[in-house]
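Here is a sequence together with a model predicted from it:
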Amino acid sequence: MRFSARLNNLRIAPRKVRLVSHLIKGLDAKVAIDQLDNFVKRANDPMMKLLKSAISNGENNFGIDRDNMYVFEVRVGAGPSLKRWMPRAFGRASGILKRTSWIEIILEEREEGKGRKTKDQLEKEKKQRAEAKKKAEKEAAGRQAEEEKDKKETIKKEEKEISKEIPVRKTMDSKKDGWSNRIFRRKSM
C-alpha cells in the first residue's frame, strides 16, 4: 500500500531539493532519516519533517508498521516563481526568479500486510489519543485558572501593602496647599 505527504511552496529551488531527494529514494524509512541527519544541505530540515509526516500518516491512518516502510518515490516539481529585478549598468534592469518547490514523498510497504494493524486497533488507539488530549487540556485549563487566581491575590496583597505605606497628607491651611503653590512650587536639589 502506498501513502504520501506533500509540501507546497518551499522557498528553495527545485534543483537544490532534488540533490537531497535522490539521496533517500529507495531507502528504508529509518535509514532515510539517518541519511538526512548526516547530509548537510538547506533542504534537509523540510525534507526530514516531510518524511516524518509521511511515516506518521502511514502509521496513524493505515496502521502500517514503521519497520516495514521504504521511500518508494520522491517527486520534486517547480512551484510558482517570485519575480524580482536587479539594477544593471546604463539604467537597465535584469530579472531574477526566486524559485519555489513542491515536494511529494511516497512511501510503500516492503512486504504487503506485515505488522499491519486492524481497523479496530486503529480506532481504539485514536480514542485513547483523543481521551489523553482532552485530559491534558482539562489539566492545562485548571492550572491556568489557578495561576490567574494566584496572580489576582498577589496583586490585591501588593495594593494593600502599597496603600499602607503611602502616608496621607493632612493640611491645616488650605492656602498653603492652593493651586498657585502647586504651580509655582520650587524643586529642591
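Alright, I've got the coordinates.

Checking residue 96 next. Helix, strand or coil?
strand (DSSP: H, G, I helix; E, B strand; the rest coil).

Can I take it that residue 84 is in a strand?
Yes. Assessed with three-state DSSP, residue 84 lies in a strand.

So what's the residue count around residue 109?
Residue 109 has 20 neighbouring residues, counting by other C-beta atoms under 10 Å. All C-beta spots, glycine's among them, are computed from the backbone N, C-alpha and C.

Residue 98 - nearest residue in space that isn't next to it in sequence?
residue 82 (4.0 Å; C-beta to C-beta, 6 or more residues apart in numbering).

oh sorry, the question was meant for residue 54
Among residues not flanking residue 54 along the chain, residue 5 sits closest, at 3.7 Å (C-beta to C-beta, 6+ apart).

show me the contacts for that neighbour.
Neighbouring residues of residue 5 by C-beta atoms under 8 Å, 6 or more residues apart in numbering: 50-51, 53-54, 57, 104-105.

in this structure, which ranges drop under the pLDDT threshold?
Across the chain, the ranges flagged by pLDDT under 70 are 165-189.

for it, what spans make up the helices?
Shown for the chain, the helices assigned by DSSP state H span residues 14-24, 29-38, 44-62, 119-165, 179-183.

Just send these back as JSON lines, with distance to residue 98 and mean neighbour count too.
Below are the helices of the chain laid out as JSON lines (distance: least, C-beta to C-beta, whole Å; neighbours: other C-beta atoms under 10 Å):
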{"stretch": "helix 14-24", "distance to residue 98": "12", "mean neighbour count": "17"}
{"stretch": "helix 29-38", "distance to residue 98": "24", "mean neighbour count": "16"}
{"stretch": "helix 44-62", "distance to residue 98": "16", "mean neighbour count": "17"}
{"stretch": "helix 119-165", "distance to residue 98": "39", "mean neighbour count": "10"}
{"stretch": "helix 179-183", "distance to residue 98": "63", "mean neighbour count": "8"}
